[in-house]
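In: Next input, structure requested:
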Amino acid sequence: MHTLIPLLPRASRKDCEINGHFIPAANAKVSVNAWEMCRDPKYWTNLESFKPERFENKGMDFTGNGHFKYIPFGSGNRKDPGKTFGIAGVELPLAQVLYNFDWKLLDGINSDILDKNENPGITASR
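Out: Now for the predicted structure:
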């Protein structure tokens, strides 16, 4: 409901026009009013109600890049710092629980049919 920084300072990348306002040159200083964006009745209902469920099932990718309707939580390099703590608070306990189980395939499933190819990347996930 309340953004940490209501006015986000930015610099333009090139000449552009936004809603009839011309931004004259690259690196022009502009301020994005995140507080006002969060209260636009065109996009949001019950503006003063705390309803986190309004963000459920919106198809947002995990990184949050390009989803500026989520600007209250940040976007790009300025994402919500609490997300990192939340992920750690889920992944570590989950890893500890999974570590303490003895895993095996169900009866009748042969390990030869499982896809064991690794995806390219720094973590080499399957």
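In: Neighbours of Val97, how many?
Out: Val97: 9 surrounding residues under other C-beta atoms under 10 Å. C-beta: built from backbone N, CA, C; applies to glycine.
In: do you know how far the most far-flung residue of the chain relative to its centre is from Leu114?
Out: Outermost residue of the chain with respect to the C-alpha centroid, by C-alpha atoms, centre = their mean, is Gly108; its distance is 40.2 Å. In this view, Gly108 and Leu114 are 13 Å apart by C-beta to C-beta, to the nearest Å.
In: which residues does the residue nearest to Ser31 when sequence neighbours are not counted contact?
Out: Distance criterion C-beta to C-beta, 6 or more residues apart in numbering; nearest residue to Ser31, sequence neighbours excluded, is Leu7 at 4.6 Å. Taking C-beta atoms under 8 Å, 6 or more residues apart in numbering, we find Leu7 in contact with Ser31, Val32, Asn33, Ala34, Trp35.
In: centre of the chain versus the lengthiest helix in the chain, how much separation?
Out: Ranked by residue count, the top helix of the chain under DSSP state H comes out as helix 81-99. With C-alpha atoms, centre = their mean, to the nearest Å as the basis, helix 81-99 stands 17 Å off its chain's centre.
In: packing partners for that helix?
Out: Contacting helix 81-99 under the criterion 3 or more C-beta pairs under 8 Å, 6 or more residues apart in numbering; DSSP states H and E is no other helix or strand.
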